[in-house]
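# next comes the sequence, and after it the predicted model I'd like to discuss.
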Amino acid sequence: MRQLQSLLFVIGFFFLGTSASDYHEQLLLRPLHPSLLLASFNFQSNTSWESFEQQNFRYFPRSLGQILQHANTRELHLRFSLGRWDAESWGARPWGGAREGGTGVELWAWVEAETDEEANGRWLTLTNALSGLFCASLNFIDSTRTTRPVMSFQPSEGHANSTLENLHLLHGTLPREVVCTENLTPFLKLLPCKGKAGISSLLDGHKLFDASWQSMSIDVRPICAAGESDCQLQITQTIDMVLDIQRSKRPRDNPIPRPVPFEELKCDHSKPYNSHDTCYPLDTAAQEEGWSLSQIFGHSLKGSCPLATDGVDPVCINVPHARHVFTSNGAQEHKDPGGFLRCFGLASEGDFDITLPQQDISEKAPLEQPLLYAERSFIGYGQERGGVQAILTNPSPTQSVDFVYMESIPWFMKLYLHTLKAKINGLDKDVIQEMYYRPALDRKRGTQLEVRILIPANSTVVLTYDFEKAILRYTEYPPDANRGFDIAPAVITIGNVSIRTTSLLLPLPTPDFSMPYNVIILTSTVMALSFGFVFNLLVRRFVAVDEADQWDVRSVRLKIAAAARRLLLRFRKRAVVKKDQ
Amino acid sequence: MSAPTEDEVPNPLEAEGSSEAPSNAVHIAPKKKEPPPESPESIRLRSLVIASFWAIIILVGLPIWWRTTTIYRASLPMDQMMEWADGKACRPVFPLRISIEAESLQDHEAQHLLRTTQHALDDLNEFSAHHLRLQLSQPANASISITGLSAGVAEEEEVALTIRLLPGTTTQADLQAYSPILDIYYTPNQIPSSSSSASSLANYIANTLRGLFAEEQAMIAYLLSTSSAPPERSPKALSPDVAESLAKWTTRSMKYSRTYHITFSLFTPTATPSSWDIEAALEEHMKPLLASFSEISNFTIDTQVQLYATPGVSGNVLKKEDLSGFINAAEWPLSPSIGGAPTVNFILYVGDMEVEGGGKSWLIPQWGGVVIQSDMSDLRPAMLIFSNQLMSLLGAPEAGSLPLRLMTLVRVRSLGLLLKASGTMGSLARLTLNLPSISIPRSVADGVYTTISHLRKACDGLGGKEGLENARIAEEAAEKAFFEKSMVAMVYFPDEHKVAVYLPLLGPVGVPLVMGVLKEFKAWRKRRRESRLVS
């Protein structure tokens, strides 16, 4: 636990203590089990409030700064995430979950405005502009996907008191958005070193979006050191990814996995059936995989970013000191006394690489235990009703956890609030401390539910509620409607730590989309049938069968034949007359 | 059970048909019982039934169908729009007032000089739209007009240029750099005697003025000649050289806007320099120029530094054709500003490159300018180049003093906007006529009326700042009306589509209705014939 505290201290020092410097970047590598690697990139730049107001941009990206000014946004948080963080085997989330969003895109911002309508207008401007900047469908965050959370998010402390009164928090999610390379490219463009030098040169769309889990974040917040006079605007960009070491090591031109060659197999020779063609593989948990930066990321690090002048080592790796770590020339190694962290200072020129050979070592860097395990799933069946169940487990044997559970549910998933129940360890018990609920309006806004829950130590809370599935209009279905509708992840906030569940896929009753023509044909036929029936009844004269006009095909045929013959006869006569003449 | 089967009925027919001559075949019919004669009431009832069905269809069905499927087309003042587009509604005239200050001359001498100079000017000028009018400036104590011109109007209207006649030793003209004043020195023997109809001084003044305003005249003539105005408005054919340089001028200058956004960017291919002293440079070299523009346009400025920026072309000597690819649009963050104002980009690139032929800067039409400089310690040369580039991007003429250039810019911009808005009106009118199936929402009609009223105001006040403002509003409203979203996104229903929707209903319903009418009509004819036979 002491090592863990020292690690947290070091990270916290970098995180908080660098506000004086203008630019700072750091990469933290942390091997996870089994055979995974968490890479956390952190980029931070500051600009003084005056130069931001005068629009003189140096490290702060101009494109983003202009958008923030145009939309009167005082604080911005944007997240692009993909995959699922496996808390059971990977431990606590990087940055305490503060730098990650739910699957897809998540955006929340404090907008300065006099009224709610003005705030909505500026929010619309903001989402549209960001949509263009990041090549994401952020412009689809409309009023039905926007909520105004009450308990879950708090503004940073740097706001002036005068602006704080007029700040409006708006929050929107796009769980369906697929995060990909086109979002990474504008993200890198915002960095002063642009992926050309420093740790950002490792970032590559092929590797990043091949990760088991990844999250990109952008946070813009004001920080005031001493009073309102000395304010700065800070932009923090982070990228966290969990890479599968074996998968990343495969060459790009030959990515198909192949079985280990026979010579390299490690067999348990004590088994009686062990022979030249039978092998029981040995347990390799004690053996650390060998890897290097250039193998994992496709290329080595291209020198340090010269703008980061704060003397903080840009690359750190969280492994026990007993583990062999080899670096390329020119790098200085600094070992943390805690025993599980070492950092490297880079030479300004030349490539940098870290190599960790294969090693039999039982000592592992300790994993931090998360404060809460959360999972959420659908229950129920059928096309009409359904339910949601969230299982929240407090693993700590001593500490109880007080947290806010927030859901923003689309309007077509109609929540029945009276069915909301929380069971603790299987027993009905009142654990809900406080609740904020804003019901949905059809096609106007979604449901917003925030619940404050207290979980005692070593307990599990199961939160369930039922909902009804709405039937949408023909044009409201998205393309590929049969795939289902993505429901945004729930956000769990425990002080500064936040956890997000996975998103859900809700199947709605889907119509047959060739329906309009079928309807036209069917109704027309019915109407024509009834009309013809009524009309004929009114207009026709009813007579006995033998009095009726007989409709006979043969008589028509005879009539036509006779007419033809008459014509022919006349023609022939004329010909004869002509001949006579 | 007892009903005759189909086979039984035609049997006698066949027997008869085979035995008798074919010519009788027409008369063959099965022998059948005649139904009892219909009562006149039932015949009347049936006709009424059919008539009422048709009445409902025509009186109720058709109007409903018409109302529900018709497209809303607001009525537009087509004639007025076409008049504006053809240039019939407005005859652009720029009467420029030029005031002469001649304190050293006698009153009658000055008046005489004015008359002769005006004569000389009128003789020189064959372009009626652009007209220079001289007037004597009023002495501070004089209350009555001493010129033949309407002094009341002249007081309100701006004086484009003031000529100060000063006695000197040689005849020379001296244009002041920062105010619209032209000093003309004359020798005492040049004062015209009241009897002579021409004088060398008058000719000299006329020629100087003509030289000063030649570029503006050419610009206006060019704008008129490229518009759809009647040809007699642009009388003199411009020489090919002038026309070419003016064509370049139009492609180079940006669209007029009340606000422009200027971005100054420092691009460097390496990590240094990562900062520049742009604030001081802007304060010293750019802000005064922009302040003088304040009556025409406002400016917002931002600056940025971008490291590790490689240009789109490589090599130390840039060829002419490389210049268009120099801006690396894919990588350089020069995204257009959000908001309504167009962005002017000025790029300072750190490097040793050189354009073929020795230049280090160039202008990108309607976009901005690039300066390549290796030393960042002094930003003055770059700022001076940027100022020049800004002037030409905004469309200012190249010669003359700054106030004159700005005034010319006002007049030329007003005319350009006026012609553009008129042209848009014409396009909208033609579009409306050519596409009868697009809808025209009310907002378009409103926009058209706004445009026309402001065009009228602009045309009346052409040449002043009011005229520019009105022309800008007119142009904005015209563009907004033309690019109205609901009109541009035309709903296109092909005819097959319509048939597929209507036919399933109209076919089965229409056939009994039409057949009913036909049958009734036939029966009516038959009855009439029979009744005639009987009578």
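Arrived safely. All of these numbers come straight from a predicted model, not from anything done at the bench.
# and B:Thr424, what is it in contact with?
Contact analysis of B:Thr424 by C-beta atoms under 8 Å, 6 or more residues apart in numbering or on different chains lists B:451, B:475, B:478-479, B:481-482. Any C-beta I mention is one placed from the backbone N, CA and C, and that applies to glycine too.
# tell me which helix or strand the most centrally placed residue in chain B sits in.
In chain B, the C-alpha nearest the mean C-alpha coordinate belongs to B:Lys420, at 3.0 Å (C-alpha atoms, centre = their mean). Following DSSP states H and E, one finds B:Lys420 within helix B:402-434.
# what is the helix or strand just after that helix packed up against?
Sequence-wise, the next helix or strand downstream of helix B:402-434 (DSSP H and E) is helix B:442-460. Counting contacts by 3 or more C-beta pairs under 8 Å, 6 or more residues apart in numbering or on different chains; DSSP states H and E, helix B:442-460 packs against helix B:78-85, helix B:402-434, helix B:465-482.
# take the ones you listed and write them to TSV, including mean pLDDT.
What follows is the helices and strands packed on helix B:442-460, written out as TSV (pLDDT from 0 to 100):
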stretch	mean pLDDT
helix B:78-85	89
helix B:402-434	89
helix B:465-482	89
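# could those helices go into CSV alongside distance to A:Val325?
Putting the helices and strands packed on helix B:442-460 into CSV (distance: least, C-beta to C-beta, whole Å) gives the following:
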stretch, distance to A:Val325
helix B:78-85, 77
helix B:402-434, 67
helix B:465-482, 64
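# so who does A:Arg252 touch?
A:Arg252 is in contact with A:206, A:298, counting by C-beta under 8 Å, 6+ apart.
# residues in contact with the closest residue to A:Pro222 other than its chain neighbours?
Counting by C-beta to C-beta, 6 or more residues apart in numbering or on different chains, A:Pro222 lies nearest to A:Gly158, which is 3.6 Å off, once chain neighbours are set aside. With contact taken as C-beta under 8 Å, 6+ apart, A:Gly158 is in contact with A:221-224, A:231-232.
# go through those and name the one nearest chain B.
Checking the contacts of A:Gly158 against chain B by C-beta to the nearest C-beta gives A:Gln232 as the nearest, at 16.4 Å.
# rewinding a little: relative to chain A, which of the contacts of B:Thr424 is nearest.
Within these, proximity to chain A (C-beta to the nearest C-beta) peaks at B:Glu479, which comes in at 20.6 Å.
# burial of that closest one, as a residue count?
By other C-beta atoms under 10 Å in any protein chain shown, the residues close to B:Glu479 number 16.
# now it: how far from A:Lys573?
Here the criterion is C-beta to C-beta, to the nearest Å. By it, B:Glu479 lies 78 Å from A:Lys573.
# and if you look at B:Met254?
Separation of B:Met254 from A:Lys573 (C-beta to C-beta): 89 Å.
# likewise for B:Ser200?
109 Å.
# neighbour count for the two, which is higher?
Set B:Ser200 next to A:Lys573 and count neighbours by other C-beta under 10 Å: B:Ser200 wins out with 13 against 10.
# longest helix of chain A?
As assigned by DSSP state H, the longest helix anywhere in chain A is helix A:553-580.
# please enumerate the strands of the stretch 201-350 of chain B.
Assigned by DSSP state E, counting those that start in this stretch, the stretch 201-350 of chain B shows strands spanning B:259-267, B:298-306, B:317-318, B:343-350.
# rank these by pLDDT, which is bottom?
When these are compared by mean pLDDT, strand B:317-318 comes last with a mean of 86.
# centre of the chain to that one, how far?
Centroid displacement of strand B:317-318 relative to its chain, using C-alpha atoms, centre = their mean, to the nearest Å, is 39 Å.
# sheet partners, orientation included, of that strand?
strand B:354-355 (parallel) (DSSP bridges).
# mind listing residues that contact the partner strand?
The contact list for strand B:354-355 (C-beta under 8 Å, 6+ apart) reads B:316-318, B:320, B:323, B:360, B:362, B:372.
# how about stretch B:516-531?
Taking C-beta under 8 Å, 6+ apart as the rule, stretch B:516-531 contacts A:535, A:539, B:43, B:46-47, B:50, B:53-54.
# so can I have CSV of those residues showing distance to A:Cys193, neighbour count and pLDDT?
Formatted as CSV, those follow (distance: C-beta to C-beta, whole Å; neighbours: other C-beta atoms under 10 Å in any protein chain shown; pLDDT from 0 to 100):
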residue, distance to A:Cys193, neighbour count, pLDDT
A:Phe535, 82, 18, 88
A:Val539, 87, 20, 83
B:Ile43, 98, 16, 86
B:Arg46, 92, 19, 88
B:Ser47, 92, 17, 89
B:Ile50, 87, 19, 90
B:Phe53, 82, 19, 92
B:Trp54, 82, 15, 93
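# so which of those are in helices?
Per DSSP H, those map to helices at A:535, A:539, B:43, B:46-47, B:50, B:53-54.
# closest one to A:Gly387 out of these, please.
Distance to A:Gly387 across those (C-beta to C-beta) is lowest for A:Phe535, with 53.8 Å.
# contacts only, for the closest one.
Taking C-beta under 8 Å, 6+ apart as the contact definition, A:Phe535 lies against B:53, B:512-513, B:516.
# farthest pair in those residues?
The most distant members of the contacts of A:Phe535, if one measures by C-beta to C-beta, are B:Phe53 and B:Pro512, lying 9.4 Å apart.
# just the helices in the stretch 1-150 of chain B please.
Assigned by DSSP state H, counting those that start in this stretch, the helices in the stretch 1-150 of chain B fall at B:10-19, B:40-56, B:62-69, B:78-85, B:107-124.
# elements contacting the last one?
This points to helix B:107-124. strand B:94-101, strand B:130-136, helix B:200-226.
# domains for chain B, by residue range?
B:94-226, B:254-394 (automatic domain parsing).
# got the end-to-end distance for the longest one?
Just to be clear, that refers to domain B:254-394. End-to-end span of domain B:254-394 (C-alpha to C-alpha, to the nearest Å): 6 Å.
# quick one: residues contacting the residue in the stretch 1-150 of chain B positioned nearest to chain A.
Relative to chain A, the nearest point of the stretch 1-150 of chain B is B:Pro35 (4.1 Å; C-beta to the nearest C-beta). Taking C-beta under 8 Å, 6+ apart, we find B:Pro35 in contact with A:541, A:543-544, A:547-548.
# of those residues, list those near chain B.
A:541, A:543-544, A:547-548 (C-beta under 8 Å from any C-beta of the partner chain).
# so which of those residues belong to helices?
When helices are assigned by DSSP H, not one member of these lies inside them.
# ok, which pair from these is furthest apart?
Distances among these were taken as C-beta to C-beta; the most separated pair is A:Arg541 and A:Ala544, at 11.3 Å.
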